[in-house]
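*Asks:* Attaching a predicted model along with its sequence, questions to come.
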Amino acid sequence: MLGRTVTLVVKDFRQFLRDRVLIIFILGGPTLQLVLLGQATGADITRLPAAVLDEDQTSASRALTVALDNLRQLEITNRLDDIDEARPFLDRGEISLAVLIPPGFAEALGSPQERVSVQVLVDGSNILGALTAVGAAEGAISHFAQDSVIERRELLGGGNPSGPMLDLRPIGRFNPDLVHNHYVLSAQLSLIVHVVTLLTASVGTVREREMGTLEQLMVTPLTRIELIVGKATLPMLVAFVDFVAMLAIVVWVFGVPVRGSVASLLAVTLLFIVAQLTWGLVISAVSATQQQAILLIFMIAILNVAFSGYLAAVENMPLPMQLASNFFPIRHYLIMLRGIMLKGANLASLRPQLIALTGLGIASLAISVRSFRKQLE
Amino acid sequence: MPWDWLVTTMTEISRRIGSIWRKELIHIVRDGRTFFLLFISPAFMLVMLSYLFTWDVKRFPLAVYDQDKSSLSRRYLAALTQDGTFDLRYDLSSAEEGDRLLLTEKVYAVLVAPSGLMGRVNRGHTGHLQVILDGTKPGIASQTLAQLSGRTQAFMSTLSSVPGAAEAQLLPVDIRTRVWYNPNLRALHSMVPGLIAVVMCMPAFSIATSFAREKEMGTMEGLYATPIRGAEVLLGKLLTNVACGVASVVPVVLVATLWFRVPFQGSFLLFLLLTADFLLGVLGLSLLISNFLATQQAAMVVLFLVLFVPSMFLSGLIEPVDRASWSAQIQAYVLPTTHYVTISRGIFLKGVGLGALWPSTLALGTMGAGYLLLTIKLFKKRLG
């Protein structure tokens, strides 16, 4: 029995190894992608283009312009002569933000009676860019004003203001510097493993169906279980090798720590791959052509990204979606991956996730066996 | 007569392209599943993806460890949870409990009111509240902190003797921020038009797989044997898929405007035209790539990595294109999606026309023509 399964696995491997381009991309591609994304999304948003309209033309207004330009998030790329110039720049997306310093700005800073309005115009079409730009600009302007008030008070010989009554002391647990990379890369790791699993598990089988070679396999003495085990071995190995290679890069190139045990990380990953395989096998059972399989993979991959909680917190989704998310292995896996890698958790403290993932894995195998039977009839 | 010759030739060419067109269309319509997937998948993906990018966080789960148990800490906590932004899920009795909740991601922040807090405040000192944030989620951590500080400020200003509030009143500058194109800074309004660029990459996948499939099945050789030229085969395939793509953008726009209620400020006709422009660019790229690949599986994997993943993360969809890094900028601008993100947001939110969008339009047109010519050249060689 084992011999027959091994034969099937060997055949699948030969077929896989024959397609050089595919190998390079399945093994090398994710790694390359990870490096690119690590560089692209790891950093904070910096140097958003901004314009200043300085109608005051005093040393104070120039100092404010410099203060804005010195912000990491902003770079003053344009100076305006008229308020109407702002609109076309924003329309074309050449600047994200414009600051209008009105006449009388320096005067207002110097005397306690006068107040002045500084206008900030923002392009809201890119939400993250807009939030970053507004936060940075408003912060810089009020700091500037505050400093000038303190200066003025010192000149007048006023006393120091007392501190606030309550203040918050934030502590970033597990990642004190709030390094963005750790979050992005650990999530990417799980997402790439899941896509590779889905792809290799489904498309290979659908291709055999399209080519008619699946029927040849059906008439061999292979039993259903042997067929499934045989067909699942290649995707499991490919996904696992991919994971190990990417983990190495994430750890050694990007310096993301593995605080828990590597053995349990690998074990949990293997469990995840098994649970994820079902989706691949189910896709292969319902699609007649590779094109259909590919479109289905896409939709399921999107669902997985949604329910992984990587981009939007699952708690903020409508309730039915929250409930549905529990049936997606990636939801539990990502918590465990982050737990073991970044928080140094052991398997005992992640028991609820472990149970859920195991349950999904078992259900997964049962569904695979059922869906394969239908095909045989 | 040269004129007659030209007319006959053109008719002949368009007849041949037309026959490829018909063949491609039959491929798509013949199988109900393929038809459905092709036309509906972009709209479906838009619905799913848009929920993904709804960062307008409404509720933050929070655990509280109140060691002080004073009237001050109770009033403070009551003020925090008043408007429902913070969901006080857990009332802890030890610090370890908080750690466990953070570990299994039941909450992303634990607020600790240390014992003696009220005493300190009554003696005129600053009372320190500890906020333990899940550092592995920096985005949520900073949002939570910002919300907490805002509410703490508000709470302090409700108390009578507030030294800080009077100072703030005295600031000589007030900041008037006006957000254009998305006045309430709704993430959904920004993300839905952007995501249209990602979901409209789907036709690129279908053209690549149909191309690779013909190679795999050997039907491409059948086409070689006909009098139809390589360029005509490619053009026929391209035009069919551009037309299908433009058709499938209609349900996408309906989902965006009717379901997500994103305002559509610009011209719908221009949007369709520039969508065709984008499809030329992205389908040209896809044809060029699949020219080198022998199997559908390979075409799928390569496109996913070369087109889809960068479209998500490097196109300016999520974060604006990073102006600090040359490599990020080059990657962004050779990617057709980047230009289409600009176009889609421009027409949906800014209501601009070609006057503002011509650079992106031109870039996409150039890419489309360039990729197509390159593919035709390479394709001819293969025939020879």
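*Replies:* In hand now; what should we look at?
*Asks:* Got phi/psi on the residue lying closest to residue A:65 once chain neighbours are set aside?
*Replies:* Distances taken as Cβ to Cβ, 6 or more residues apart in numbering or on different chains place residue A:52 nearest to residue A:65, at 5.0 Å, with adjacent residues excluded. All C-beta atoms are positioned from the backbone trio N, CA, C, and that covers glycine. In terms of degrees, to the nearest 10, the main-chain angles of residue A:52 are phi -130, psi 130.
*Asks:* partners of residue A:52 in the sheet?
*Replies:* Applying DSSP bridges to residue A:52 gives these bridge partners: residue A:79, residue A:99.
*Asks:* Point out where the chain drops to low pLDDT.
*Replies:* I'll assume chain A. A:1, A:21, A:33, A:36-44, A:157-165, A:177-178, A:180, A:311-312, A:316, A:372-377 (pLDDT under 70).
*Asks:* if you could check chain B rather than the one you did, that'd help
*Replies:* B:1, B:31-33, B:37, B:54-58, B:159-171, B:221, B:224-225, B:227-228, B:380-384.
*Asks:* Please parse it into its domains.
*Replies:* Domain segmentation of chain B under automatic domain parsing yields B:2-53+B:186-383, B:60-157.
*Asks:* Check those domains for me and report the most buried one.
*Replies:* Neighbour counts (mean count of other Cβ atoms under 10 Å in any protein chain shown) averaged over each of the domains of chain B peak at domain B:2-53+B:186-383, with a mean of 19.
*Asks:* As a check, name the ranges of all helices in the stretch 51-200 of chain B.
*Replies:* B:71-81, B:95-103, B:117-122, B:138-158, B:163-169, B:187-199 (DSSP state H, counting those that start in this stretch).
*Asks:* Who are the contact partners of the residue of the stretch 151-300 of chain B found nearest chain A?
*Replies:* In the stretch 151-300 of chain B, the residue that lies nearest chain A is residue B:182 (3.1 Å; Cβ to the nearest Cβ). Residue B:182 makes contact with A:124-125, A:127, A:130, B:189-190, B:349, according to Cβ atoms under 8 Å, 6 or more residues apart in numbering or on different chains.
*Asks:* ok, back up a step: for burial, what's the neighbour tally of the residue nearest to residue A:65?
*Replies:* 22 (other Cβ atoms under 10 Å in any protein chain shown).
*Asks:* Surely it and residue A:74 touch.
*Replies:* No - using Cβ atoms under 8 Å, residue A:52 is not in contact with residue A:74; the gap is 9.9 Å.
*Asks:* Now the common contact residues for those two.
*Replies:* Contacts common to residue A:52 and residue A:74, judged by Cβ under 8 Å, 6+ apart, are residue A:68.
*Asks:* Contacts for stretch A:333-349 next, please.
*Replies:* Contacts for stretch A:333-349 (Cβ under 8 Å, 6+ apart): A:173-175, A:182, A:186-187, A:189-190, A:256-261, A:264-265, A:268-269, A:272, A:275, A:308-310, A:350, A:353-354, A:357, B:100, B:102-105, B:136.
*Asks:* Go through those residues and flag which are in strands.
*Replies:* Using DSSP state E, residue A:173 are the members of those that sit in strands.
*Asks:* Pick out the residue nearest the middle of chain A.
*Replies:* For chain A, the residue sitting closest to the mean C-alpha position, by Cα atoms, centre = their mean, is residue A:184 at 4.8 Å.
*Asks:* With distance to chain A as added columns, please give the helices of the stretch 51-200 of chain B in TSV.
*Replies:* Output for the helices of the stretch 51-200 of chain B, formatted as TSV (distance: least, Cβ to the nearest Cβ, whole Å):
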stretch	distance to chain A
helix B:71-81	7
helix B:95-103	5
helix B:117-122	6
helix B:138-158	4
helix B:163-169	5
helix B:187-199	4
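*Asks:* now for these, which one comes closest to residue A:113?
*Replies:* The closest of the helices of the stretch 51-200 of chain B to residue A:113 is helix B:163-169. By Cβ to Cβ, the value is 13.3 Å.
*Asks:* three-state assignment of residue A:49?
*Replies:* Under DSSP: H, G, I helix; E, B strand; the rest coil, the three-state class of residue A:49 is strand.
*Asks:* need the domains of chain B in a markdown table with distance to residue A:329, can you?
*Replies:* Listed next are the domains of chain B as a markdown table, based on distance: least, Cβ to Cβ, whole Å:
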| stretch | distance to residue A:329 |
| --- | --- |
| domain B:2-53+B:186-383 | 17 |
| domain B:60-157 | 16 |
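*Asks:* who wins for proximity to residue A:108 among these?
*Replies:* domain B:60-157 (23.7 Å).
*Asks:* Show which residues not belonging to stretch A:298-317 make contact with it.
*Replies:* Contacts for stretch A:298-317 (Cβ under 8 Å, 6+ apart): A:187, A:190-191, A:194-195, A:198, A:279, A:283, A:321-322, A:324-325, A:328, A:330-331, A:334, B:41, B:44-45, B:48-49, B:51-55, B:57-59, B:61, B:105, B:140, B:202, B:205.
*Asks:* List the buried residues for it?
*Replies:* A:298-317 (16 or more other Cβ atoms under 10 Å in any protein chain shown).
*Asks:* rewinding a little: right, so of the helices of the stretch 51-200 of chain B, which gets closest to residue A:16?
*Replies:* Of the helices of the stretch 51-200 of chain B, nearest to residue A:16 by Cβ to Cβ is helix B:187-199, at 29.3 Å.
*Asks:* Is the following helix or strand past the closest one positioned near chain A?
*Replies:* Using DSSP states H and E, the helix or strand that follows helix B:187-199 in sequence is helix B:202-217. Yes - Helix B:202-217 is in contact with chain A by Cβ under 8 Å from any Cβ of the partner chain, via B:202, B:205-206, B:209-210, B:213, B:216.
*Asks:* Nearest approach to residue A:216 belongs to which of the helices of the stretch 51-200 of chain B?
*Replies:* Closest among these, using Cβ to Cβ: helix B:187-199, at 37.9 Å.
*Asks:* Just the C-alpha atoms of that closest one, please, in CSV.
*Replies:* What follows is helix B:187-199, C-alpha atoms only, in CSV (Å, rounded to 0.1, in the frame of the first residue of the first chain):
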residue,chain,number,x,y,z
ALA,B,187,-11.2,54.8,5.0
LEU,B,188,-13.9,53.1,2.9
HIS,B,189,-14.2,56.0,0.5
SER,B,190,-10.5,56.0,0.0
MET,B,191,-10.0,52.3,-0.3
VAL,B,192,-12.9,51.2,-2.5
PRO,B,193,-11.8,53.2,-5.6
GLY,B,194,-8.2,52.1,-5.0
LEU,B,195,-9.1,48.5,-4.6
ILE,B,196,-10.9,48.6,-8.0
ALA,B,197,-7.5,48.7,-9.5
VAL,B,198,-6.6,45.5,-7.7
VAL,B,199,-9.7,43.6,-8.6
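*Asks:* ok now that helix, how far from the chain's centre?
*Replies:* 5 Å (Cα atoms, centre = their mean, to the nearest Å).
*Asks:* Relative to chain B, which residue of the stretch 1-150 of chain A is the closest?
*Replies:* Counting by Cβ to the nearest Cβ, the stretch 1-150 of chain A gets nearest chain B through residue A:124, at 3.1 Å.
*Asks:* Give me the nearest residue to that residue, chain neighbours excluded.
*Replies:* Nearest one to residue A:124, counting by Cβ to Cβ, 6+ apart, is residue B:182 at 3.1 Å.
*Asks:* wait, residue B:328 sits on residue B:314?
*Replies:* Yes - using Cβ under 8 Å, residue B:328 makes contact with residue B:314 at a distance of 6.4 Å.
*Asks:* separation between residue B:97 and residue A:355?
*Replies:* 21 Å (Cβ to Cβ, to the nearest Å).
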